[in-house]
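Chemist: Below are the sequence and a predicted model for it; my questions follow.
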There are 2 protein chains.
Amino acid sequence: MEDHGISKAVVKRLPRYYRYLGDLIEAKVERISSNELSDMMNVTASQIRQDLNNFGGFGQQGYGYNVKYLYQEIGKILGLDKTYSMVIIGAGNLGQALANYVKFEKRGFVVKGIFDINPRLKGVAVRGIEIRMVDELPEFIREHKIQIATLTLPKTGAEKVAPILAENGIQAIWNFAHTDLHLPENVVVENVHLSDSLMQLSYNLNHLNQ
Amino acid sequence: MEDHGISKAVVKRLPRYYRYLGDLIEAKVERISSNELSDMMNVTASQIRQDLNNFGGFGQQGYGYNVKYLYQEIGKILGLDKTYSMVIIGAGNLGQALANYVKFEKRGFVVKGIFDINPRLKGVAVRGIEIRMVDELPEFIREHKIQIATLTLPKTGAEKVAPILAENGIQAIWNFAHTDLHLPENVVVENVHLSDSLMQLSYNLNHLNQ
């Protein structure tokens, strides 16, 4: 699969294609034209054709796209044909919500450990996984070859733990803490800043129809 | 405050400025130059000057920006000088995590009600708020003048409840369900698609250094 040189904008749109194609598979749709996809996704058909042409050979004139094939190929591009070992750091409500979200595991993101700094949570089980203390992290990461760390703890905690993660070989951080982490370039950081999202909503609510 | 015609890209960056300025206030910094902000935020100083010039008059040559004033003005633009009445629909882990996140309330987003379809949750209190059943929503929205609904329930539930919300006067939906909602144009929708975010992470993890 040749996928060098795909623009960031296209990559950003891929998960959405993947989601719609997954829905189509559930609905037992076997093939779809770019015009039909366009109606569903509220994106122009030419945008869809352009985006999917980046990967080549998925569509055929007059036939449309093979839904299952396209779903699998986009999945491969997104790296969803592999499995990843993940830890969740911060066992509060949000951390537990993510630990309990079984769909992530189906996609290949396997929660191997949950960590917190609160000694009262030590040993408490979330979906069968015992909560461990943060000081056990370095050994755990190395022993279980953890690739991804999800940070669902407050800002100061996240800033303290992030360099430790990087030093011990974590390759990617899914960061829910209300801060931008400063890490070596070989560590991927994906931020989910919920407050920023709520502020966008508030802005749009106040500027609708202006 | 004249803020018509601000580009979407600038608006998207405002919450991040707001966050950094809030941190500076906490650190008792009273003024800051665009160069200093640039170093902190990893954005060029000229980008910062351009962005903030959209609102006019915040910076002075040789003096820099007044942190508190800029923070307040950006807050106003984002609509954070008002309060909003919100309901959370879906009282699972994620819904409860958001209900317990007191910082949203400090920013003016007040959770007035939590709803679910599971009768076993009826009357259970989350941060002092009793969980109600979804069939009570229309009356509750009208009675309490609810403006924002946060959807933390599965896809099919979200698709069913969204039109009911729109019909009863909800102005904005903060959607965590794994679907794009199709609603009248006078309803603002802000999506947080966690799976999409995890797929971006996975893509970047697989394409780093290529």
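Modeler: That came through fine.

Chemist: how about low-confidence regions in chain A?
Modeler: Along chain A, the model assigns pLDDT under 70 to residues A:1-5, A:55-61, A:209-210.

Chemist: where do the strands sit along it?
Modeler: A:31-32, A:59-60, A:64-66, A:84-89, A:109-116, A:125-126, A:129-133, A:148-151, A:172-175, A:188-191 (DSSP state E).

Chemist: which helices and strands does the third one pack with?
Modeler: Yep, that's strand A:64-66 we're talking about. Contacts defined by 3 or more C-beta pairs under 8 Å, 6 or more residues apart in numbering or on different chains; DSSP states H and E place strand A:64-66 against strand A:31-32, helix A:34-41. In short, each C-beta sits where N, CA and C put it, glycine included.

Chemist: for the first one, same thing?
Modeler: Under the contact criterion of 3+ C-beta pairs under 8 Å, 6+ apart, the helices and strands touching strand A:31-32 comprise strand A:64-66.

Chemist: If we use 10 Å, what do you get?
Modeler: On a contact count with 3 or more C-beta pairs under 10 Å, 6 or more residues apart in numbering or on different chains; DSSP states H and E, strand A:31-32 meets helix A:8-26, strand A:59-60, strand A:64-66, helix A:67-77.

Chemist: How about the contacts made by the nearest residue to residue A:42 once chain neighbours are set aside?
Modeler: With sequence-adjacent residues excluded and distances taken as C-beta to C-beta, 6 or more residues apart in numbering or on different chains, residue A:42 is closest to residue B:180, at 7.6 Å. Contacts for residue B:180 were tallied using C-beta atoms under 10 Å, 6 or more residues apart in numbering or on different chains; they are A:16, A:19, A:20, A:40, A:41, A:42, B:159, B:189, B:191, B:193.

Chemist: State the distance from the fourth one to residue B:179.
Modeler: If I follow you right, that is residue A:40. With distances taken as C-beta to C-beta, to the nearest Å, residue A:40 is found 11 Å from residue B:179.

Chemist: Common neighbours of these two, please.
Modeler: A:20, A:23.

Chemist: out of those two, which sits in the busier spot?
Modeler: Ranked by neighbour count (other C-beta atoms under 10 Å in any protein chain shown), residue A:40 and residue B:179 place residue B:179 first, with 19 against 14.

Chemist: Next, count neighbours for the closest residue to that one other than its chain neighbours.
Modeler: Nearest non-adjacent residue to residue B:179, counting by C-beta to C-beta, 6+ apart: residue B:155, 4.4 Å away. The tally of other residues near residue B:155 (other C-beta under 10 Å) stands at 14.

Chemist: From residue B:33, how far off is residue B:155?
Modeler: To residue B:33, residue B:155 is 47 Å away according to C-beta to C-beta.

Chemist: In CSV, list the helices and strands packed on strand A:64-66 along with distance to residue B:54.
Modeler: Formatted as CSV, the helices and strands packed on strand A:64-66 follow (distance: least, C-beta to C-beta, whole Å):
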stretch, distance to residue B:54
strand A:31-32, 42
helix A:34-41, 31
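
Chemist: Contact partners for residue A:32?
Modeler: Here residue A:32 is in contact with A:20, A:21, A:24, A:38, A:40, A:48, A:59, A:64, A:65, A:66, A:67, A:70 (C-beta under 10 Å, 6+ apart).

Chemist: If any of those are buried, put those into a ChimeraX selection.
Modeler: Buried subset of the contacts of residue A:32, written as a ChimeraX selection, criterion 16 or more other C-beta atoms under 10 Å in any protein chain shown:
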select /A:20,21,24,38,48,59,64,65,66,67,70
